[in-house]
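Asker: let me see the structure of the following:
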Amino acid sequence: MSETADPPSLLSRPLIPVASEDDARETCRAAFPRIAAEGGRPVVVHVVEKAGGAPDKASVEQREAAAEDAFAVVREAAADAGVDVETEIRYGTDVAATIIDAATDVDASAIVFHPRDGSWLLDLLTGNVRDRLVSESDRPVVVLPDVEAEQ
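Answerer: Numbering: from 1, shown residues only. Alright, predicted model coming up:
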């Protein structure tokens, strides 16, 4: 009888999308203690959404600066949690597809996120990235609860 290795943990190499400094703060607070406990190494991605021919809402430089601000929060939270983290900016016209492609490229064990507060109208208007991640990803998607909700 051959021994089979345990499958990797969902948190061994998670891809974590963040949209802003506040989102990064909340997501890291929920994710990094769990990832540290599993000995995982996350890849945090920020998607700069391109308008696909239409004028962009903000310049690429402004969006890259916002991504770097979010990554500063990520790096600080990672240092506090004792987690090695990689960060990456991705560009795309479809945020969900760009996140899924990034997960494939880094061979992520899962896509891990903390849902942001939002209304059903905002979800409808943005194409509901959360639902698309769950329904279209070829790997597990982990939705983390609020840290306060667990206590």
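
Asker: please enumerate the strands of the chain.
Answerer: Along the chain, counting by DSSP state E, strands occupy 14-17, 43-49, 86-92, 110-113, 141-143.

Asker: let me have these in JSON lines, extended by mean pLDDT, mean neighbour count and distance to residue 69.
Answerer: Where C-beta positions appear, they are placed from N, C-alpha and C, glycine not excepted. Conversion of the strands of the chain to JSON lines gives the following (pLDDT from 0 to 100; neighbours: other CB atoms under 10 Å; distance: least, CB to CB, whole Å):
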{"stretch": "strand 14-17", "mean pLDDT": "97", "mean neighbour count": "27", "distance to residue 69": "15"}
{"stretch": "strand 43-49", "mean pLDDT": "94", "mean neighbour count": "22", "distance to residue 69": "10"}
{"stretch": "strand 86-92", "mean pLDDT": "96", "mean neighbour count": "16", "distance to residue 69": "12"}
{"stretch": "strand 110-113", "mean pLDDT": "94", "mean neighbour count": "24", "distance to residue 69": "19"}
{"stretch": "strand 141-143", "mean pLDDT": "91", "mean neighbour count": "16", "distance to residue 69": "24"}
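
Asker: mind putting those in JSON lines, distance to residue 65 included?
Answerer: Converted to JSON lines, the strands of the chain look like this (distance: least, CB to CB, whole Å):
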{"stretch": "strand 14-17", "distance to residue 65": "18"}
{"stretch": "strand 43-49", "distance to residue 65": "10"}
{"stretch": "strand 86-92", "distance to residue 65": "11"}
{"stretch": "strand 110-113", "distance to residue 65": "22"}
{"stretch": "strand 141-143", "distance to residue 65": "28"}
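
Asker: in PDB, list the C-alpha atoms belonging to stretch 74-81.
Answerer: Taking Å, rounded to 0.1, in the frame of the first residue of the first chain, the C-alpha atoms of stretch 74-81 are listed here in PDB:
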ATOM      1  CA  VAL A  74      -0.700  44.500   3.700                       C
ATOM      2  CA  ARG A  75       3.100  44.400   4.400                       C
ATOM      3  CA  GLU A  76       2.700  45.900   7.900                       C
ATOM      4  CA  ALA A  77      -0.100  43.400   8.700                       C
ATOM      5  CA  ALA A  78       2.100  40.600   7.400                       C
ATOM      6  CA  ALA A  79       5.000  41.600   9.500                       C
ATOM      7  CA  ASP A  80       2.800  41.800  12.600                       C
ATOM      8  CA  ALA A  81       1.400  38.300  11.900                       C
END
